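# Got a predicted model here, sequence first, then my questions.
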Amino acid sequence: MRRCSLRPFCSNSPVKPGTAEAGFTLMEVVIAVTVAAILLTTVYGVFSSMSATRQRLEEDGETYHRAQVIFQRLGRELRSYYSQERLAVFAGGEDERQRPYVLFSTTARTPFGGSRGGIAKVRYWVDRDPRDDTALALFRNEWNAFEAEPEEGEQRVVGDIREFRLRFFGFGGWEEDWDAGIEAAPRAVQVSLVLRSGERDVPFETVWDLPYQTVSQKVTP
């Protein structure tokens, strides 16, 4: 019987000369660590890419929502343009402060237009965003068609605007300005804008057709 002492493990089998216990060589350890590092780097890159893609999709979703808010609201009111002579008005281009604007009468009123009558006048314009001095914002004011435009009550509709452009299609083609003295509304209105989406700028453009309608009231931009 073989006696063992002061050894963590014992074996009854004789050890053959020149035989060593099995283990990893230094080269095998280095290779294993390298492979593990490559795998971890790859996995990290995949997750980072997925995270960046997710953030971009969220930013784009928010940007498209802002564009939708502008187009749906402005489009609904333009398509409801009111053309009866005494209250009808349509003007657009740049005001005295060189801000893009459009002013028109509409039947698509909101509670902000007051409670009297069913016709409102609406003005949209673009100016420096008070919440972010690096971008522009779209503002809106609405009032009863029988009253003068109020000095207060403006609403900030959408911010993060880089560019905003209006064009009006008349008898001679596309115009940058539409004079309120012209006794007709334009046949179509085009809005081109660029919205900020994270570090990128995303362009949008749409056109609304308007039927030929007379305008008799003159206004000052």
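The structure has been received and is ready for your questions.
# And Gln190, what's its pLDDT?
Note on Gln190: pLDDT of 96.
# Relative to the one helix or strand it maps to, what are the paired strands and their orientations?
Using DSSP states H and E, Gln190 falls within strand 188-197. Within its sheet, strand 188-197 is paired with strand 155-170 (antiparallel), strand 200-209 (antiparallel), according to DSSP bridges.
# In this structure, which residue is most central in space?
Thr63 (1.9 Å; C-alpha atoms, centre = their mean).
# Check which helix or strand it maps to.
Going by DSSP H and E, Thr63 is in helix 26-79.
# before we move on, the earlier item: tell me the most buried of the strands paired with strand 188-197?
strand 155-170 (a mean of 18; mean count of other C-beta atoms under 10 Å). For glycine as for every other residue, the C-beta is placed from the backbone atoms N, C-alpha and C.
# following it, which helix or strand comes up?
Next along the chain from strand 155-170, counting by DSSP H and E, comes strand 173-175.
# Now that following strand: average pLDDT?
92.
# which parts of that strand are buried?
Glu175 (16 or more other C-beta atoms under 10 Å).
# What angle do strand 155-170 and the helix-or-strand element of the chain with minimal mean pLDDT make with each other?
Within the chain, judged by mean pLDDT, DSSP states H and E, the helix or strand with the poorest mean is helix 26-79; its value is a mean of 79. Computed by axes from the mean of the first three to the mean of the last three C-alpha atoms, to 10 degrees, the angle separating helix 26-79 from strand 155-170 equals 70 degrees.
# Could you check how far helix 26-79 is from the centre of its chain?
Distance, stretch centre to chain centre, for helix 26-79: 17 Å (C-alpha atoms, centre = their mean, to the nearest Å).
# got it, and stretch 80-88?
On the basis of C-alpha atoms, centre = their mean, stretch 80-88 sits 32 Å off its chain's mean C-alpha point.
# just stretch 139-155 next, same as before
That offset, for stretch 139-155, works out to 26 Å (C-alpha atoms, centre = their mean).
# Just the terminal-to-terminal distance for that stretch.
5 Å (C-alpha to C-alpha, to the nearest Å).
# rewinding a little: the residue nearest to the centre of the chain contacts Val194, correct?
No: contact criterion C-beta atoms under 8 Å: Thr63 and Val194 do not qualify, at 10.2 Å.
# Can you pull the residues that touch both of these two?
Residues within reach of Thr63 and of Val194 at once, by C-beta atoms under 8 Å, 6 or more residues apart in numbering, are Val202.
# wait, Arg162 sits on Arg196?
Yes: with contact defined as C-beta under 8 Å, Arg162 counts as touching Arg196 (5.6 Å).
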